[in-house]
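>>> Next comes the sequence, and after it the predicted model I'd like to discuss.
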There are 2 protein chains.
Amino acid sequence: MITTRRMLLDTAGALLERQGYHATGVNQILSVSGLQRGSLYHHFPGGKEELAVAAILDRARRSERFIERHLGAVGDPADAVQALVEALADRVAHDADGASPPFAAVTLEAGPGLERLRDACRHAYTGIRACFEAKLVASAHEPARAASLAAVITAAIDGAFVLCRVDGDASPLRQVAKELAVLLRRPPPGGATAARAAPVGTDV
Amino acid sequence: MITTRRMLLDTAGALLERQGYHATGVNQILSVSGLQRGSLYHHFPGGKEELAVAAILDRARRSERFIERHLGAVGDPADAVQALVEALADRVAHDADGASPPFAAVTLEAGPGLERLRDACRHAYTGIRACFEAKLVASAHEPARAASLAAVITAAIDGAFVLCRVDGDASPLRQVAKELAVLLRRPPPGGATAARAAPVGTDV
DNA sequence: TTGCGCCTGGACCGAACGGTCCATATGCTT
DNA sequence: AAGCATATGGACCGTTCGGTCCAGGCGCAA
């Protein structure tokens, strides 16, 4: 049955995102999903870690599609990133418990003995950075600078999720949305490109 | 004995930073520190959570002092933040396993039932943001913008630590150092304030 | 209908978890 | 030297952990 596997991936993914790997027990995954141990170990013979890896990779794919869709909808990269992060903030505002960076907790917990999980997280972060990088390169940024900006965007969003969690409030994400837009509108320090700075600004 | 308490705080703090709360067992804290259960529960009758809270608060104080020292040593806030983040990158480069945001993992894991821990994390993040905010306000930034920039700085550093972990490399922090400096040198979007570089006094 | 896959329910397991308890040091006060 | 609070070593406890196992349920092909 496909729906059982899907249920496991979604449940495990949501719990991993919110709580991390060690705080998420197999029993919790089962009780939340309403399934039984036999099903889990049938679909994921490798147990908890195999399920976690599959759930992370699944959510990584979804995250990339989400980002690509948003970045593709707006031409200017500064506006596009701002809109994307505002959308994440809206999501946090509706569902306060959803204030979680998708992979940070699991990444930080994946120590020795969980190499597969670590690889999955690396894959996720690499893909996400690549989405931003592609958008920036397509908007005439130099490749090295695009990579640098993509890392900052990814890092700031992740960190903002953490701040949203401690604040119980979406404003850190909104602050990051605004400031990333400021950063992205600035011509590179080398000054090669003429100021496309534009009078756009002034939205709060 | 004070050294026993100190040993527990340092050991627990380091493990919590690297692995998070649930991945860090009481047995691990004891074996790494070379102490015994009796000592731990004597100094921290509240057990694992009380020790974790104390360790987090302890490290929060140290983090604030570290940040204040670095920000106080350089007048211009952009240069100061850049130097601070470069210093963190150097630390990561030497000690690859030290690539951990100090409080992110624990923050994300602190769900229902660990409210004290969550409060400690909130306190830590609030204090760290306040350090940056104070520096920016002292450098003639408007308060609202200073708060926004402080949140972005804090978030970007945290996220960069996560990226350093997955990359096994300090370059995300170096990229963030560079880009934060770019952002901080940029006048606010409204264009009103021309942030004249601060009086070089080592305030804070 | 019978047989034969895949899938699920759920009892069961050893190990590890956090926590309790107390006998015994240790060192300070008198 | 005696007495006492503080601190430590370590056995022990109940619970929960992730994981195994297998008896049946189900759907489909002959």
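That came in fine, so what should we check first?
>>> hey, where'd the helices end up in chain A?
Along chain A, counting by DSSP state H, helices occupy A:2-19, A:26-33, A:37-43, A:47-73, A:77-94, A:104-109, A:115-138, A:143-167, A:171-185.
>>> Just list the residues touching the closest residue to residue A:54 other than its chain neighbours, thanks.
Spatial nearest neighbour of residue A:54, excluding adjacent residues (CB to CB, 6 or more residues apart in numbering or on different chains): residue A:9 at 6.1 Å. Glycine gets a C-beta too; all of them are placed from N, C-alpha and C. Counting by CB atoms under 8 Å, 6 or more residues apart in numbering or on different chains, residue A:9 touches A:51, A:54-55, A:58.
>>> residues touching the residue in chain A that DNA strand D sits nearest to, list them.
Among the residues of chain A, residue A:47 lies closest to DNA strand D, at 2.7 Å counting by CB to the nearest atom of the strand. Contact analysis of residue A:47 by CB under 8 Å, 6+ apart lists A:26, A:40-41.
>>> Near the residue found closest to residue A:124 once you drop the neighbours it is linked to in the chain, how many other residues are there?
Excluding the flanking residues, the one nearest residue A:124 by CB to CB, 6+ apart is residue A:60, at 3.6 Å. Neighbour count for residue A:60, taken as other CB atoms under 10 Å in any protein chain shown: 21.
>>> Could you double-check that residue A:60 sits in contact with residue A:120?
Yes - counting by CB atoms under 8 Å, residue A:60 sits close enough to residue A:120 to count as a contact (7.4 Å).
>>> Next, give phi and psi for the residue nearest to the spatial centre of chain A.
Centroid-nearest residue in chain A, with CA atoms, centre = their mean: residue A:102, separated by 5.0 Å. Dihedral angles phi and psi of residue A:102 (degrees, to the nearest 10) take the values phi -60, psi -30.
>>> circling back: include distance to DNA strand C when you put the contacts of residue A:9 into TSV, please.
As requested, these are exported to TSV (distance: CB to the nearest atom of the strand, whole Å):
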residue	distance to DNA strand C
A:51	13
A:54	15
A:55	16
A:58	17
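>>> list the buried ones in the helix-or-strand element of chain A with minimal mean pLDDT?
Lowest on mean pLDDT, DSSP states H and E among the helices and strands of chain A sits helix A:2-19, with a mean of 95. By 16 or more other CB atoms under 10 Å in any protein chain shown, the buried positions in helix A:2-19 come out as A:5, A:7-9, A:11-19.
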